[in-house]
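1. Here is a sequence with its predicted model. Questions after.
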Amino acid sequence: MGKNKSRIVSGRTIGEKRERLETRNERAAARKKDKKKAARRVIFTILGFLVLIGILVFLAVYFLKDNEPTIISPTAEPAPEYHPTIELIDEDSSAAEGKITSRMESYIGKLERDFKDLGYTPTKAVIPTGSIREVDFYLEGHPGFVKTTIDRDSAVTAEDADRLIRYLAGQGITDYQYLDVRLPGRAFWK
């Protein structure tokens, strides 16, 4: 076997250098230097953030000066009102005059417009006896009527009626008494 001889010499470090001891004055000077470096870092960081904020404010003012928000005043134009052009029939003869409210009249006008947008021609709207929210629409070229309610959006109601009419035509059903599209997600016919 080979001889194993220790390479470590007593009194020396592994790196074979002795550490030099720092004096108290050298340590104080080093601390002072570190504090100055830290202070400079803080100052430059703050200055950097201030410059960045200044640039962002400048860009915001530059780009938004022409795009000032429009303030809607209470005197702005009101939403358009829809008035029906078709015949309105109130089947409740015992009702007092003026049973057709402005909300119902507006709904009938909107639904008339929505049916026309889908290619149908409404001929009349009937408010059944004892009803305060139901309106029955008669469409030209279709045998029955469409039961609707003023509680649903007129565009959605017209689309549901259109889907049901096309579905029934696809099934070969062309004769029906009425189509009921008053409930969301459901449609009935008789």
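-> Arrived safely.
2. Pull out the buried positions in the helix or strand where Ala125 lies.
-> Element membership of Ala125, judged by DSSP states H and E, is strand 122-127. Of all the residues in strand 122-127, those buried under the rule 16 or more other Cβ atoms under 10 Å are 122, 125-127. (Each C-beta comes from the backbone N, C-alpha and C, glycine too.)
3. do the same with stretch 83-96
-> 84, 86, 90.
4. Now tabulate the buried residues of strand 122-127 in TSV and tack on distance to Gly172.
-> Rendered in TSV, the data for the buried residues of strand 122-127 read as follows (distance: Cβ to Cβ, whole Å):
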residue	distance to Gly172
Pro122	25
Ala125	29
Val126	28
Ile127	32
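5. From the buried residues of stretch 83-96, pick the one nearest Val42.
-> Pro84 (73.3 Å; Cβ to Cβ).
6. got the contact list for that closest one?
-> 105, 108-109, 112, 125 (Cβ atoms under 8 Å, 6 or more residues apart in numbering).
7. Let's have those residues in a markdown table, adding distance to Arg31.
-> Formatted as a markdown table, these follow (distance: Cβ to Cβ, whole Å):
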| residue | distance to Arg31 |
| --- | --- |
| Glu105 | 86 |
| Ile108 | 87 |
| Gly109 | 85 |
| Glu112 | 87 |
| Ala125 | 91 |
